[in-house]
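Engineer: sharing a model prediction with you, sequence too.
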Amino acid sequence: MSTQRIEIPETTTHAAITRDRYISRDFMQLEADHVWARVWNIGGRLTEIPEPGDYITHQLGPDSILMVRQEDGSVRAFHNVCTHRGNRLVYTEEGGVDKFTCSYHGWQFGLDGVLQYVQDEEDFPQGNPCGKLNLPEIACEVWAGFIWYNMDVDGESLGDFLGEVKDIFDRYDMDDMVRIDYIVCEAPCNWKSIHDNFCESYHLPTTHPQLSEYFDDDYKNTVFELFDTGHNLMRMKGALPSKRGDAPDQVGAPLAAEMVEWGMNPADYEGRAGDVRLALQQQKRKLGPERQYDYFARMLDEQLTDAFHCNIFPGTSITGNVTTVGIQRAEPHPTDPNKCIYENWRFMAPGDGKARVPNEMGEAVRIEDAEKRIVVFGEGSVGFVPDQDLRVATGQQLGFQSRGFQGAYLSGQESRIQQFHDEIDAYIRSGLSIQEYIL
Amino acid sequence: MTFAANLNYLDGGTAAQLRGDPITGDRYTSTDFMQREWDHMWTRIWHMGGRLAEMPEPGDYTMHDFRHESIIMIRQEDGAVRAFYNTCRHRGTRLAWSESGSGNGFTCPYHGWQWGIDRGLQHVQDPDDFENGCPVGELSLSELRCETWGGFAWWNMDPDAPALLDYLDPIPTLFRHRGMDDMVRVFWRTFEIDTNWKFACDNFNESYHLPTVHPQLRANIDEDYANTIFEMYPNGHNRMIEMGQPSMRADSPNAVESPWDMMLAQWDLDPKDFEGRAREGRVAMQKQMRKLAKEKGYLHLDNFTDAELTDPHHHTCFPNVTMTAGHQGVFVFRTEPHLTDPNKCTFDCFWLVNKVEGQDTIMTLVGERPFEDCEHEHFQYGSGAPLPDMEGSFLIQDLSVAVGQQRGLASRGYTDAHLTGQESRVRRFHEVLNDYLEGRR
């Protein structure tokens, strides 16, 4: 690998956010080796594999990971590759089997990854590989109803990796939430362009002006926390129209709809929309138990109205909005730094089962698991707000091709972007030192 | 195999002959490795180029694009074939744009310079406007090595390379009974496919995958490694000879199943006579072929050995050509790297056959075809476009595995192959490649 061209300075405290980070194959390789292969990643939803032998696969950059429900109910994860000659073992994203059979020479692996059968077992000069050449196993844990894996088997535990993020989201109904949106799109931009966007709210007035009817997007009223884990938090006040909006004292349509849903009369707050937020928190406290939102009992008052938005290093963002949790993530393309895989998942707490959500046609439907929907970029929608974000990110990718771009110049409220890139460099630097600069 | 005893070869069924070089994933996915292959191997080996029968007359040419190079092979007035780089010496514009053609040479589409079939510059515009004198008669197209064997023109970019026949040795000796020069190419398809070019070298250097990938072949090919001959030659070429008879792995190896029954019937043997002893059909067929070959129009079988009559003789020529010979002719596979992406390649498949007197057509992978050189067809494998005429064929089975292997090889969970003895030719291929890359060849 010729990676010498990428300079990761040893001593500077901050990474220069330059264009090569978004377009260079060498930098992409460094990220693959030293970042993605050493962090915890979400592989899928635990409910996707209820029975022993049920499996899912996840493609992450060049790597494919196989996660399998075991006889004892636990989940284990393996590299999805036959140990014989490197053929991919499993081709489907999900399924149920009693063993895995390679399509090339018929080697058979058990659910536990153990090699059980090979053709012509006596023809191996180095000995029969059965029981020895098992699938390479990687770290696998479960949290929040998700299966997580880490290709670095010597890495920290999932709990240590997540740190504060786990504490914040343990307050939501993560285990029982239902995935009502499951959208995947190959987007023509580097994965970091999307994640940079999730690391700042400075773009809201320009890119998402419609949000000011519901969120107070002023950075002075917004809490930003950078954690030592490399993850971060933004707490943005909701149910509170932005002073930037046209009519900050009026109750706009989205806020009015939520008030009606919780048995309040918007007309009572005409001209004093700023008072709604605290009143709505109290109303949800009162009605939460009878609507079977038991988890409200462990939530902070702010969590009943505000957006709690965490970026989990490197590519995942998770946003709690009371009864819904959104996961968006951007992952590297297997070979092209100018592309990425963008996913948008939305979860909803089932509560008493009476809640309804709008479907694509705008009709109110029951809360149930959505089918995965693959969107061709430019042809379909990945969601109203994410469409706005992806439009910007893909335009930014075009700008990164220009040698006129000298590097990012960040506002204070965008410091999470700097933290994100510093963390990438820290991983690469420590990874390189582990390998004693062999690369 | 009496003549094989005189050949200098290594036992291809045991790893004892190998160094044990690891077959790592970066060999298939890294652009750096791709560049090393170009610098130290592709620019130094003999490439199988155009068919001589495609260029019978002086001025007839075939063109072969290989990565960023394009080679013109052209028939000369004296009957020889020479090879030139397809680039105008004036400012570098490509001269020839079609796979084959004929004429008095080439006129550059940019400034009209004209080059003769002997590569000499014949005409330039404004001959008086050259400070160093008119280049006509002075400049020639850049030439590279070109030699012929097997009815093909072969080209080599390395002026110091060994002669073609020395490079191919002992392949020409092994094919000496087969009349390659007279064969016609009745099938020629090229597939662009998302996998590294070396998939073919790996796949065609082992038969261990037959039971899983090509289960249908067990009805007439004995893929048991204990019954198979594996040979590895000093130049990096290999051979495998499987017995042409039902495999003991077949559901009922002693029963006559399709297509074994049709193969017996083709030589006037009654399949019913071989029920319960199907494998004895092989020797019976050899005797019958000796007796009936002339009468059935197979005039080219005279010098065939018994084994050559019935058993698939499979050869891999380092680095990228596979030739599988049977009594009808030779299947040739040729894999070439993509212009820039190590995750892609082109896979060429052609079937060369000897004419059979009294027959107008021959049954190919895609149905009956006339005994004449066919059109070259291009496909994009995996594009979703259906190939109904090849569904279930062994070729598509191999390609389907190749795409998956490329994806698995990119995984950090893969570190090296764990090979059977019968797959020793796979590692041998990579060791010969390493010899080129590391200066040992």
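Structural biologist: Done, it's in.

Engineer: ok, which stretches of chain A are helices?
Structural biologist: A:20-23, A:25-34, A:158-162, A:164-169, A:191-198, A:204-207, A:253-261, A:276-287, A:384-400, A:415-434 (DSSP state H).

Engineer: next, the contact list for the residue of the stretch 301-439 of chain A found nearest chain B, please.
Structural biologist: At 5.9 Å from chain B, A:Thr335 is the closest residue in the stretch 301-439 of chain A, using CB to the nearest CB. C-betas here are computed from N, CA, C, even on glycine. By CB atoms under 8 Å, 6 or more residues apart in numbering or on different chains, the contact set of A:Thr335 is A:Pro62, B:Asp341, B:Asn343.

Engineer: how many neighbours does the second one have?
Structural biologist: Meaning B:Asp341. Counted by other CB atoms under 10 Å in any protein chain shown, the residues lying close to B:Asp341 total 15.

Engineer: what's the closest non-adjacent residue to it?
Structural biologist: A:Thr335 (7.4 Å; CB to CB, 6 or more residues apart in numbering or on different chains).

Engineer: quick check: the gap between the one you found and A:Phe400.
Structural biologist: In this view, A:Thr335 and A:Phe400 are 18 Å apart by CB to CB, to the nearest Å.

Engineer: now swap in A:Arg88 and tell me
Structural biologist: For A:Arg88 relative to A:Phe400 (CB to CB), the value is 32 Å.

Engineer: who has more neighbours, the two?
Structural biologist: Set side by side, A:Arg88 and A:Phe400 show more neighbours around A:Arg88, with 26 against 19, by other CB under 10 Å.

Engineer: quick check: pLDDT value at that one.
Structural biologist: If you check A:Arg88, the pLDDT there is 95.

Engineer: for the closest residue to it other than its chain neighbours, helix, strand, or coil?
Structural biologist: Among residues not flanking A:Arg88 along the chain, B:Gly408 sits closest, at 3.8 Å (CB to CB, 6+ apart). Per DSSP: H, G, I helix; E, B strand; the rest coil, the local secondary structure of B:Gly408 is helix.

Engineer: pull the number of nearby residues for B:Gly408.
Structural biologist: 26.

Engineer: could you check how far it is from A:Val81?
Structural biologist: Using CB to CB, B:Gly408 is found at 4 Å from A:Val81.

Engineer: next, show the common contact partners of those two.
Structural biologist: Common neighbours of B:Gly408 and A:Val81 (CB under 8 Å, 6+ apart) are A:Ser64, A:Asn87, A:Arg88, A:Leu89, B:Tyr414.

Engineer: dump the residues you listed into a markdown table; add distance to A:Gln116 as well.
Structural biologist: Putting those into a markdown table (distance: CB to CB, whole Å) gives the following:
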| residue | distance to A:Gln116 |
| --- | --- |
| A:Ser64 | 21 |
| A:Asn87 | 17 |
| A:Arg88 | 19 |
| A:Leu89 | 13 |
| B:Tyr414 | 20 |
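
Engineer: what is the nearest of those to B:Asp202?
Structural biologist: Using CB to CB, A:Asn87 comes nearest to B:Asp202 of the shared contacts of B:Gly408 and A:Val81, at 10.2 Å.

Engineer: got a list of what the residue nearest to A:Arg88 touches?
Structural biologist: The contact partners of B:Gly408, by CB under 8 Å, 6+ apart, come to A:Ser64, A:Asn80, A:Val81, A:Cys82, A:Gly86, A:Asn87, A:Arg88, A:Leu89, B:Tyr414.

Engineer: how about the residues of chain A near chain B?
Structural biologist: Within chain A, the positions near chain B by CB under 8 Å from any CB of the partner chain are A:1-2, A:25, A:33, A:37, A:62-64, A:78-89, A:91, A:102-106, A:119-120, A:123-126, A:129, A:133, A:135-136, A:138, A:151, A:334-335.

Engineer: filter the residues you listed to the buried ones?
Structural biologist: A:25, A:33, A:37, A:62-64, A:78-89, A:102-106, A:119-120, A:123-124, A:129, A:133, A:135-136, A:138, A:151, A:334-335 (16 or more other CB atoms under 10 Å in any protein chain shown).

Engineer: okay, the closest residue to A:Pro254 other than its chain neighbours: pLDDT?
Structural biologist: Nearest non-adjacent residue to A:Pro254, counting by CB to CB, 6+ apart: A:Tyr214, 4.7 Å away. Looking at A:Tyr214, its pLDDT is 90.

Engineer: what stretches of the chain score poorly on pLDDT?
Structural biologist: Using chain A. A:1-13, A:359-362, A:434-439 (pLDDT under 70).

Engineer: sorry, I should have been clearer: chain B.
Structural biologist: In chain B (pLDDT under 70), the answer is B:1-6.

Engineer: can you count the residues close to whichever residue of it sits closest to chain A?
Structural biologist: Residue of chain B nearest chain A, by CB to the nearest CB: B:Gly413 (2.1 Å). Using other CB under 10 Å, the number of residues around B:Gly413 comes to 24.

Engineer: does it really touch A:Gly86, like I thought?
Structural biologist: No: B:Gly413 is beyond contact range of A:Gly86, at 9.1 Å (criterion: CB atoms under 8 Å).

Engineer: those strands in the stretch 201-350 of chain A, which residues are they?
Structural biologist: Taking DSSP state E, counting those that start in this stretch to define them, one finds strands in the stretch 201-350 of chain A at A:223-226, A:232-236, A:307-312, A:316-321, A:324-332, A:340-348.

Engineer: give me the distance between the first one and the centre of its chain.
Structural biologist: Offset of strand A:223-226 from its chain centre (CA atoms, centre = their mean, to the nearest Å): 19 Å.

Engineer: so which elements touch it?
Structural biologist: Helices and strands touching strand A:223-226, by 3 or more CB pairs under 8 Å, 6 or more residues apart in numbering or on different chains; DSSP states H and E, are strand A:232-236, helix A:415-434.

Engineer: so how far is the first one off the chain centroid?
Structural biologist: Translated: strand A:232-236. The chain centroid and the centroid of strand A:232-236 are separated by 15 Å, computed with CA atoms, centre = their mean.

Engineer: give me the contact list for it.
Structural biologist: By CB under 8 Å, 6+ apart, strand A:232-236 touches A:164-165, A:168, A:199, A:201, A:215-217, A:222-227, A:302, A:306-311, A:416, A:419-420.

Engineer: angle of that strand against strand A:307-312?
Structural biologist: 170 degrees (axes from the mean of the first three to the mean of the last three CA atoms, to 10 degrees).

Engineer: just the angle between strand A:232-236 and strand A:316-321, please?
Structural biologist: 30 degrees.
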